[in-house]
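*Asks:* pasting the sequence and the predicted model now:
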Amino acid sequence: MSAIFYVTLFLALGLCNASIDSGYQLNKGMDSINEVATAITVSVQINLPLTSKKVHFNCLEGGLFEVAFDKSFDWAATAGEKCKLRFINLRTSIDPRDSNDGGRLSYWLIKLDGLYQSSDKQSWVKKAEWNTDYYNASFH
């Protein structure tokens, strides 16, 4: 076979591979868009006694972060996100997004008597209590 045949074959295979790769990149981009569309902002407000201690969060998707007693923190969480929290010797775990949230913002108020969730900052529902046993604060 002639050299032109091999060159043509090489170019055709290269173009096929390039079109497959661009399709893969397109699909990856669409997956990212779908993931962003399902992530909803979760806002945490700390309402604990004046202290230099922070509330430590360990979330499956959101990672590790901490929030001071007089601060708030926002992050994008998808449905199914789970977090463990620790404040001094107190521990608990939460699902930051309610499975029935309908894509609304999720607000959390963290107090000494428990953790409260709201979708409108008007009505609050107690969703978790603090405990001192680490094993009781495991992911659900």
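*Replies:* It's in. As the structure is a computational prediction, the values presented were derived from the model and not from experiment.
*Asks:* use CA for all of it now, contacts and neighbours both
*Replies:* Noted.
*Asks:* where do the strands sit along this structure?
*Replies:* Remark: strands assigned in the chain by DSSP state E are 40-46, 54-59, 63-68, 72-77, 83-87, 90-94, 106-111, 114-118, 125-128.
*Asks:* same list, the ones you listed, but as a markdown table with mean pLDDT and mean neighbour count please.
*Replies:* Below are the strands of the chain laid out as a markdown table (pLDDT from 0 to 100; neighbours: other CA atoms under 10 Å):
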| stretch | mean pLDDT | mean neighbour count |
| --- | --- | --- |
| strand 40-46 | 84 | 19 |
| strand 54-59 | 94 | 18 |
| strand 63-68 | 92 | 14 |
| strand 72-77 | 89 | 16 |
| strand 83-87 | 95 | 20 |
| strand 90-94 | 95 | 21 |
| strand 106-111 | 92 | 21 |
| strand 114-118 | 93 | 20 |
| strand 125-128 | 94 | 15 |
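*Asks:* quick one: the closest residue to residue 84 other than its chain neighbours from residue 49, how far?
*Replies:* Leaving aside its chain neighbours, residue 84 sits nearest to residue 93 (4.2 Å; criterion: CA to CA, 6 or more residues apart in numbering). Taking CA to CA, to the nearest Å as the measure, residue 93 falls 20 Å from residue 49.
*Asks:* same check, this time on residue 132
*Replies:* Distance of residue 132 to residue 49, computed by CA to CA: 18 Å.
*Asks:* same check, this time on residue 40
*Replies:* Distance of residue 40 to residue 49, computed by CA to CA: 29 Å.
*Asks:* then residue 84?
*Replies:* Using CA to CA, residue 84 is found at 20 Å from residue 49.
*Asks:* how's the protein carved up into domains?
*Replies:* With domains defined by automatic domain parsing, the chain comprises 1-38, 39-137.
*Asks:* if we can go back for a sec, what about residue 132 and residue 49, which has more around it?
*Replies:* Neighbours per residue (other CA atoms under 10 Å) separate residue 132 from residue 49, with residue 132 holding more: 14 against 11.
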